Structure formats: C-alpha cells, structure tokens
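Colleague: Just the structure for this:
(one chain, ligands or ions: 1)
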Amino acid sequence: MTDSARRIVLASRPVGEPKPSDFRLEVFPVPQPGPGQVLLKTKWLSLDPYMRGRMSDAPSYAKPVGIDEVMEAGTVSEVTASNNDKFQNGDIVLSRAGWQTHALSDGSGLRKLDPKLAPVSTALGVLGMPGMTAYTGLMEIGKPQAGETVVVSAASGAVGAIVGQIARIKGARAIGIAGGPEKCKYVKEELGFDACIDYKAGKDLDAALRAACPNGIDVYFDNVGGEISDAVLRNINFFGRVALCGSISQYNATTPPMGPRLLGTFVGKRVRAQGFIVTDFASRHEAAMRQMGEWIRSGRLKYREDVVQGIDKAPRAFIGLLRGENFGKMLVKM
Ligand SMILES: NC(=O)c1ccc[n+]([C@@H]2O[C@H](COP(=O)([O-])OP(=O)(O)OC[C@H]3O[C@@H](n4cnc5c(N)ncnc54)[C@H](OP(=O)(O)O)[C@@H]3O)[C@@H](O)[C@H]2O)c1
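Modeller: Numbering: from 1, shown residues only. Here you go, the predicted model:
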C-alpha cells in the first residue's frame, strides 16, 4: 500500500459549465481506521450528472458539497484494513466514498458485493443507481403496455439505454434520441431499439418523431429537458405518461430557459407527468436488481461502460459527461 492517498475537492462553485479549476487534486496520508472502522481503497468511482447539482448551492433535494470538501460519489471499494467484525480485508463493497482513493467508514451504508455474480463495476451502473432509476421510473411511472410507443432521451447513456431495452422486453416499441450517428447506430443495432433519432443531425425533430412514431408517443422517459423534450411532448398521445428523470440540457444553464408552454395540451390530452428521484422507489430496488440480473445473464439486457483510468482524470471526464462526450456509463477505474 502506498503511504499517500489522493482526493478531488470542490475548489469553487462553477458558473455555467464546470472548469478544471473548479476542482483541486489533493494528496493526503492514508488514514488509519479507528475502533469499529474500516479502511476502503477505491477500485471504481462513478461519475453521474447529479454531481453538477451538488456543486451548486441553489436550493435542491440534496445538500451541496461544501467548498474544499471531497466531491460526492458512489464507489466500489475494497476493504484493506478492518476493525469492524462485519467486514474483512478483501471484501468488495458498494460505498459512497467520494472522489478519493482511500476513505474510512464505520460500516454503515456499505453493501458487500459478490464478484462471482457480476463484474463489480455494474454495481455503479446497470445493477446500481442508474439501472434502478431506469427500471423503477419506467415501470412505476411510464407503465408501458405491449404495443405502445416509448421514447427516451439520452438513449445511449447509463439510464436511457436500459429504459429502451426494458420497454422492448415489455412488448413496447422503443425510440431513442441521442447525439451523433455512432451513438444512434449502437442504440438501434446493439441495443435493439426500433429507431434512434440523432438530435444533432440538424433535422426537424418534430418531423423525425412523427416518422419514427406513426401511432404517437404513449410514454416519454425524459433525461434531458429543453428543446428535445418540447418536441417529444408536442407529439404525446392522449393519456400519455411522462417520467421526469432529469434535465441534463439545463444543468449548466445560468438563467432558466424559456420554452413552449405545453401544460394546456396536457389538460386536453389527460397526460400524467411525474418527477422522481431513484430513492423514491427504494423498496422496489431489490426485486428490480434480481430481474435485471436475470435479463443480463440471459443476454436480453446489454450495457456499456465508458472507463477512464486514474482519479486525476475525473474532472475532465465529468465535464465531458455534461457535453455528451461519454458513451455509456461513465466510470473512473483506479
Ligand atoms: N431522477 C433520478 O433519480 C436520476 C437518477 C440517475 C440519473 N438521472 C438523470 O438521468 C439523466 C441521464 O443520466 P445518465 O447517468 O444516464 O447519464 P448519461 O446518459 O450516461 O450521460 C449523459 C448524457 O446526456 C446527454 N446530454 C448531455 N448534454 C446534453 C444536452 N445539452 N442535451 C441533450 N442531451 C445531453 C449526452 O448524450 P448525447 O450525446 O446523446 O446527447 C450524455 O452522454 C440525467 O439527466 C440525470 O441527471 C436522474
């Protein structure tokens, strides 16, 4: 074990798009576990869009990261020293150790992972928070029925890729929206969506949606907000359902963007829209994980990871995630 550990702290609150200087890499001595504690060494660090919200002190459902505090994150970590009866050296655990190579824990909130069941990195992706978001948001709010049309934005990403595949498993048509021909090809050919619309191709999005969804749109799983969602919602069917999962197109916005006001359409069409946070459906996660595990083993559910190596790469990779530079679940391998 090296004697020094590294961490990335929030140096300043970004205005607009985060800059590398909003983060600071610090070196610190590897901490020693006290009574009841374990020392965790990070193996995988998850980068997720919600972290942009934690960098801001605007009112939110979650507490912001403080200036000079370690950036928050889910991690897959190895127990390398233990003074806690429940954990032994070598245990692999899901934790929230943040953007750092080492952390102490009293064991609360740690979940042991079995590397024989699935690659441990999946605990941060398809079998973790993004996968649970996709499954529960789609099943509890979207409620897709066989033969219906489900549209999902950010379709090649950690959440969107899973949403469309589950929609297909449930007998619905799945239409993705993603940025660029490579991502769209993957969504259609590898993941088996019925179609994928490249919103960066400069075409009329309304016309593209009407062509891909001749029977209209019954369910919209919204990951991006903004103009993409305006176009989808203009084409929503009577009694449509909208799972409001995220608005990544606006996370770096400094002023609230104006949009068409579609709420009147929702009235006439009896559309039901619900925002949600993955933890709202925590009681469903265990069953969802079991089901998703079966689908992965039988080859019905595919996932893709986008991996960068080393904690020093985390800020750039995170900035890229907010620009759409990632292709799959964004992870840092330590
Ligand atoms: N409610 C919850 O509990 C919950 C939980 C997890 C995630 N989320 C939300 O779900 C969404 C997807 O998260 P994820 O983890 O799956 O991320 P992701 O899709 O793996 O990565 C983000 C993707 O968003 C797209 N994007 C970035 N900027 C955009 C823009 N200006 N306009 C349109 N698309 C843009 C990019 O794809 P393209 O290249 O295709 O544009 C990018 O690859 C996010 O909004 C996130 O905040 C919500």
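Colleague: quick one, what contacts residue 102?
Modeller: With contacts defined as CB atoms under 8 Å, 6 or more residues apart in numbering, residue 102 is in contact with 5, 30-31, 39-42. Every residue, glycine included, has its C-beta placed from N, CA and C.
Colleague: Could you check the pLDDT of it?
Modeller: Looking at residue 102, its pLDDT reads 98.
Colleague: Equivalent analysis for residue 255, please.
Modeller: With respect to pLDDT, residue 255 scores 89.
Colleague: swap in residue 2?
Modeller: Residue 2 carries a pLDDT value of 51.
Colleague: Within range of the ligand, give me the residues from the stretch 151-300 of the chain.
Modeller: By the rule CB under 6 Å from any ligand atom, the part of the stretch 151-300 of the chain lying against the ligand is 154, 156-160, 178-179, 183, 223-224, 228, 245-246, 248-249, 276-278.
Colleague: Show me the residues you listed that map onto strands.
Modeller: Applying DSSP state E to these, the entries found in strands are residue 178.
Colleague: Any of the residues of the stretch 151-300 of the chain next to the ligand buried? List them.
Modeller: Listed as buried from those are 154, 156-160, 178-179, 183, 223-224, 228, 245-246, 248-249, 278; burial here means 16 or more other CB atoms under 10 Å.
Colleague: Among the residues you listed, which ones are in helices?
Modeller: With helices taken from DSSP state H, the overlap with these comprises 160, 183, 228.
Colleague: nearest to residue 174, of these?
Modeller: Residue 174 has its nearest neighbour among those in residue 160, at 10.0 Å by CB to CB.
Colleague: quick one: contacts for that closest one?
Modeller: Residue 160 is in contact with 134, 152-154, 176, 178, 221, 223, counting by CB under 8 Å, 6+ apart.
Colleague: Which pLDDT value belongs to it?
Modeller: Per-residue pLDDT puts residue 160 at 98.
Colleague: Quick check: it vs residue 63, distance?
Modeller: From residue 160 across to residue 63, the span is 27 Å (CB to CB, to the nearest Å).
Colleague: Show me the beta-bridge partners of residue 308.
Modeller: Beta bridges link residue 308 to residue 332, judged by DSSP bridges.
Colleague: what is the rounded mean pLDDT of the longest helix along the chain?
Modeller: Here the longest helix in the chain is taken by residue count, with DSSP H as the criterion, and it is helix 285-297. Average pLDDT, helix 285-297: 96.
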